[in-house]
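1. my questions are about this predicted structure, shown below with the sequence.
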Amino acid sequence: MNIKGIVGILAATLFSGVAPAAPATHPVELTQSPLVMRLDKDEFRIAFGINGERFAATGCTGSIRYRVNWRTATGDLGSELKQVRYTVAPGSTRTIAVDRQFFDTAEGANTTDVVNVSVKSISCRPNPSIKP
């Protein structure tokens with residue numbers, strides 16, 4: 001199965017409380033809202049599709065800072081600021097970054113729901129060793 005098929009299957013797990021994609025003022029943009037996938041009762045993968053057309057010739061490396069708000073089945077609320085790094089390869093216009101996270105107050109004792117994911121910043125630095 002190709003990556004589009006896998007992402008299509010995983011899209012069914014997308015939670016409705018996800019924030020919109022980052023504004024177009026960044027050097028790179030998200031291709032869509034972050035995709036939240038539940039793996040266990042408190043374990044999640046959060047995937048970011050990245051449009052790096054501006055850096056297609058050289059490629060770039062960067063990071064996404066994002067905030068996750070979550071709630072346990074017992075009503076406890078949590079909010080965490082996270083960061084995931086990514087690379088857009090030279091000659092590519094898109095990439096994906098996936099972060100693995102656990103959200104709970106009692107190390108797996110609770111079922112946790114992600115309330116929302118909001119992107120705070122996206123950075124991308126051109127690969128200095130490749131000249132456009």
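-> That came through, no problem.
2. where does this structure have low pLDDT?
-> Within the chain, the stretches with pLDDT under 70 are 1-26, 108, 128-132.
3. now do 80
-> 1-27, 104-109, 127-132 (pLDDT under 80).
4. strands of that one, start to end?
-> All strands of the chain, identified by DSSP state E, fall at 29-30, 35-38, 43-51, 60-72, 77-88, 94-102, 112-126.
5. just give me the neighbour total for residue 127.
-> Neighbourhood size, residue 127 [other CB atoms under 10 Å]: 17. C-beta coordinates here come from the backbone N, C-alpha and C atoms, glycine included.
6. I'd say it and residue 62 touch.
-> No: with contact defined as CB atoms under 8 Å, residue 127 does not count as touching residue 62 (10.9 Å).
7. let's have the strands of the chain in CSV, adding mean neighbour count.
-> Output for the strands of the chain, formatted as CSV (neighbours: other CB atoms under 10 Å):
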stretch, mean neighbour count
strand 29-30, 20
strand 35-38, 20
strand 43-51, 19
strand 60-72, 19
strand 77-88, 14
strand 94-102, 15
strand 112-126, 18
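8. from one end of stretch 68-81 to the other, what's the distance?
-> Counting by CA to CA, to the nearest Å, you get 7 Å between the two ends of stretch 68-81.
9. need the contact partners of that stretch.
-> 46, 65-67, 82, 101, 103-106, 110-118, 120 (CB atoms under 8 Å, 6 or more residues apart in numbering).
10. make it 6 Å
-> Residues outside stretch 68-81 that contact it (CB atoms under 6 Å, 6 or more residues apart in numbering): 67, 103, 105, 110-117.
11. for the residues you listed, which two are the farthest from each other?
-> Using CB to CB, those span at most 21.1 Å, a distance reached by 67 and 111.
12. just give the nearest non-adjacent residue to residue 88, would you?
-> residue 52 (3.6 Å; CB to CB, 6 or more residues apart in numbering).
13. scratch that, residue 59 is what I was asking about
-> Per CB to CB, 6+ apart, closest to residue 59 is residue 90, 3.7 Å.
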